[in-house]
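# The sequence isn't on hand, but the structure is:
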C-alpha cells in the first residue's frame, strides 16, 4: 500500500512538471508571436501565424 502511494506521488509530480513545461512553452510561443508582430507588423499576413493574429490586427485597425 505504501509503495503504491509513493509511485502515485511520483506520477503526479511528473504530470505537474509536464503541465508546467507546456505552459512555459505556450507562453514562449505567445511572446514570440507578439514580438514578431511588434517588430514587423506588415509581415503579419505573410507569416505562417494562426488567425489569432488577424483578429489582433483588426482590433488595432478599428481602435486606432
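In hand now; what should we look at? Please read these numbers as outputs of a predicted model, since none were measured by experiment. Numbers count the residues shown, from 1 in each chain.

# any idea of the mean pLDDT for the host helix or strand of residue 26?
According to DSSP states H and E, residue 26 maps onto helix 2-39. Averaged across helix 2-39, the pLDDT comes to 76.

# buried stuff in it?
Within helix 2-39, the residues that count as buried by 16 or more other Cβ atoms under 10 Å are 33, 37. All C-beta spots, glycine's among them, are computed from the backbone N, C-alpha and C.

# what helices or strands is that helix leaning on?
If contacts are counted by 3 or more Cβ pairs under 8 Å, 6 or more residues apart in numbering; DSSP states H and E, helix 2-39 sits against helix 52-63.

# Give me the distance between residue 12 and residue 21.
Residue 12 is 15 Å from residue 21, where distance means Cβ to Cβ, to the nearest Å.

# Residue 29 too?
13 Å.

# Now do the shared contacts for these two.
With Cβ atoms under 8 Å, 6 or more residues apart in numbering applied, the contact sets of residue 29 and residue 21 do not overlap.
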